[in-house]
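Student: structure here, sequence nowhere to be found:
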């Protein structure tokens, strides 16, 4: 796990130092959920975006999916992740990584069920011009 954390942090640092800084792009589905683009670049037909996300206690990302892979590192807090079956597909405490599935059949939600804010760093690997996330309706789960 220590090697994985070091690799993720090193990769994020290299991306952040190499790329030009971006502007904030917040789409806060829950009150106080924020996202700030730290760095962004395009190589060929692929956009690479490094983003810091903060999710306050009791809040969630909203149901969504991505058009490409998203890799995250939980810096602080505990992320509870749910898929469209309404089941938990993982709980990620500080110091762990997450790889989110992508595509319209991979609707998911991240929630903060803890008592401290979640701070996570996400690297989006998306087709050029794709949005960071696509909003999706609640698939019928008792979760928001």
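Tutor: Perfect, thanks for sending it. This is a predicted model, so every value here is computed, not measured.
Student: report the contact partners of residue 110.
Tutor: 55, 60-61, 79-82, 118 (C-beta atoms under 8 Å, 6 or more residues apart in numbering). Using the backbone N, CA and C atoms, a C-beta is placed for each residue, glycine as well.
Student: which of those residues lies closest to residue 91?
Tutor: residue 80 (5.4 Å; C-beta to C-beta).
Student: which helices and strands does the helix or strand hosting that closest one pack with?
Tutor: Secondary structure from DSSP states H and E places residue 80 in strand 78-83. Where contact means 3 or more C-beta pairs under 8 Å, 6 or more residues apart in numbering; DSSP states H and E, strand 78-83 is packed against strand 88-93, strand 97-100, strand 108-112, strand 118-127.
Student: sheet partners, orientation included, of the longest one?
Tutor: Pointing back at strand 118-127 there. The pairing partners recorded for strand 118-127 under DSSP bridges are strand 46-55 (antiparallel), strand 70-76 (antiparallel).
Student: what's it in contact with?
Tutor: Counting by C-beta under 8 Å, 6+ apart, 8, 11-12, 15, 38, 45-55, 66-79, 98, 110, 112, 132 sit against strand 118-127.
Student: quick one: it to strand 88-93, angle?
Tutor: If you take axes from the mean of the first three to the mean of the last three C-alpha atoms, to 10 degrees, strand 118-127 sits at 120 degrees to strand 88-93.
Student: give me the low-pLDDT residue ranges for this protein?
Tutor: 1-29 (pLDDT under 70).
Student: who does the residue nearest the centre of the chain bridge with?
Tutor: Note on the chain: the residue nearest the mean C-alpha position is residue 122, at 4.7 Å, using C-alpha atoms, centre = their mean. Listed by DSSP bridges, the beta-bridge partners for residue 122 are residue 51, residue 72.
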